[in-house]
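**Student:** sequence-free structure coming up:
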């Protein structure tokens, strides 16, 4: 593809290594784009694929503690992203889970946003963040609520700066519609299926791999396994590490952060992979299936799209068990159901099921969609966000395609 592209992501730090960063990496593998972010501490990291790459940043780059993350400067994020001057580019590609989609563009530019999630702390997780934060209470809490209200307003307004939305799942697609009243094309994020070898011989332990933050619900998993006394291995680190260590009983092994090779080894050998969070997609769930490992997951969000419940699938085509309530009792019951239906699980089928989410599928679908948007933009200059504004202006066919 020609190199008149800019790719904008939220932040690039050694601690930002989730699914959204994998999307950025895959896009750069196929599109010659200049990269921008609120902050960048990856281009100076010799172990990063972005080492010595020129990356445009904002004034937040020089703020105290920016390397550890700019979420502490939440009120300034919209202002910062709007300071990026990208008028020299024809096509803007954004990878957004907070404010990246909110950059300013001209009428002649094409802006395609790959949306991992509408801003979680301003929408779905507002009350969770308020409850978990010390500043969510009392008088400071009212100021935080006002800030979040203003963020929601900015978030809706900035959504109209996007010509075409891509969602990372049907779940996110529905959230985009609910928050922004914008349609989105679903393109599942890239999973490095080939990096997770199929392992058919399993050991007698359950596994979860996750950042230890409140919404990941790792403490729920720990409490459930405290009760059923089955062996559980936890890989990951985060702010809740102290809490997890304090409540875990002797049947639970907490390994903290581990390199990729160790994660692959445990992912392949685990009896089942356990997950209790509501994820927009959930790459780790697909990685487990690629390893031939069944998944026991909270059946809301992306898990409902990537995991086939053993109980309701044709013989040997199920890839796990989904539970419907985010409670310890529901997870304990799901583990028992998995034990009862385990004989129906086929590791080879689980891997073949995971292949549909492989990085090559993402690249093909993403590049095709970008080309389609470019062609549509050339033919119908107002076929993106402007067409969404009218139900009766003769643009209905364009509106449905977008």
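**Tutor:** Yes, it's here. From a predicted model like this one, the values you see are computed outputs, not experimental measurements.
**Student:** Please verify my assumption that residue 43 contacts residue 55.
**Tutor:** Yes - in this structure, residue 43 is within contact of residue 55 by CB atoms under 8 Å, at 5.1 Å. All C-beta spots, glycine's among them, are computed from the backbone N, C-alpha and C.
**Student:** quick one: residue 310 and residue 320, what's the gap?
**Tutor:** Shown here: residue 310 relative to residue 320, a distance of 7 Å by CB to CB, to the nearest Å.
**Student:** picking that back up, which residues are in contact with both of residue 43 and residue 55?
**Tutor:** Jointly contacting residue 43 and residue 55 under the rule CB atoms under 8 Å, 6 or more residues apart in numbering are residue 12.
**Student:** coming back round to it: of residue 310 and residue 320, who's got more company?
**Tutor:** Taking neighbours as other CB atoms under 10 Å, residue 310 and residue 320 compare with residue 320 leading, 29 against 24.
**Student:** and the nearest residue to that one once chain neighbours are set aside, how far is that from residue 284?
**Tutor:** Leaving aside its sequence neighbours, residue 320 sits nearest to residue 295 (CB to CB, 6 or more residues apart in numbering; 3.5 Å). Taking CB to CB as the measure, residue 295 falls 9 Å from residue 284.
**Student:** between the two, what contacts are shared?
**Tutor:** Taking CB under 8 Å, 6+ apart as the contact rule, residue 295 and residue 284 both touch 273, 275.
**Student:** which of residue 43 and residue 55 has more neighbours?
**Tutor:** The residue with more neighbours, out of residue 43 and residue 55, is residue 55; 19 against 16, by other CB under 10 Å.
**Student:** Surely residue 37 is in a strand?
**Tutor:** Yes - under DSSP: H, G, I helix; E, B strand; the rest coil, residue 37 sits within a strand.
**Student:** which residues does it contact?
**Tutor:** 8-12, 55-57, 100.
**Student:** Can I get the buried part of the residues you listed as one PyMOL selection?
**Tutor:** To isolate the buried members of these in PyMOL, using 16 or more other CB atoms under 10 Å:
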select buried, resi 8+9+10+11+12+55+57+100
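**Student:** In strands, which of the contacts of residue 37 appear?
**Tutor:** Residues from the contacts of residue 37 lying in strands, with DSSP state E as the criterion: 8-12, 55-56.
**Student:** how long is stretch 222-241 end to end?
**Tutor:** 12 Å (CA to CA, to the nearest Å).
**Student:** Mind listing what's buried along it?
**Tutor:** Buried, per 16+ other CB under 10 Å, within stretch 222-241: 222-226, 230, 232-238, 240-241.
**Student:** Could you list which of the residues you listed belong to strands?
**Tutor:** Per DSSP E, the buried residues of stretch 222-241 map to strands at 232-235.
**Student:** okay, these in JSON lines with pLDDT and distance to residue 28 next?
**Tutor:** Converted to JSON lines, these look like this (pLDDT from 0 to 100; distance: CB to CB, whole Å):
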{"residue": "232", "pLDDT": "98", "distance to residue 28": "37"}
{"residue": "233", "pLDDT": "98", "distance to residue 28": "33"}
{"residue": "234", "pLDDT": "98", "distance to residue 28": "32"}
{"residue": "235", "pLDDT": "97", "distance to residue 28": "27"}
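**Student:** which one of the contacts of residue 37 sits closest to residue 335?
**Tutor:** Checking the contacts of residue 37 against residue 335 with CB to CB, the nearest one is residue 10 at 35.6 Å.
**Student:** quick one: contacts for that closest one?
**Tutor:** Listed by CB under 8 Å, 6+ apart, the contact set of residue 10 reads 16, 20, 37-38, 95-100.
**Student:** Go again with 6 Å.
**Tutor:** Residue 10 makes contacts with 38, 98, 100, as judged by CB atoms under 6 Å, 6 or more residues apart in numbering.
**Student:** Can you give me the distance of it to residue 29?
**Tutor:** As judged by CB to CB, residue 10 and residue 29 stand 19 Å apart.
**Student:** Could you check how far the residue nearest to residue 152 when sequence neighbours are not counted is from residue 174?
**Tutor:** Take residue 152 and drop its neighbours on the chain: the residue closest to it by CB to CB, 6+ apart is residue 122, 4.9 Å away. Applying CB to CB, one obtains 17 Å for the distance of residue 122 from residue 174.
**Student:** out of those two, which sits in the busier spot?
**Tutor:** Set residue 122 next to residue 174 and count neighbours by other CB under 10 Å: residue 122 wins out with 23 against 12.
**Student:** any idea of the pLDDT on the more buried one?
**Tutor:** Residue 122 carries a pLDDT value of 73.
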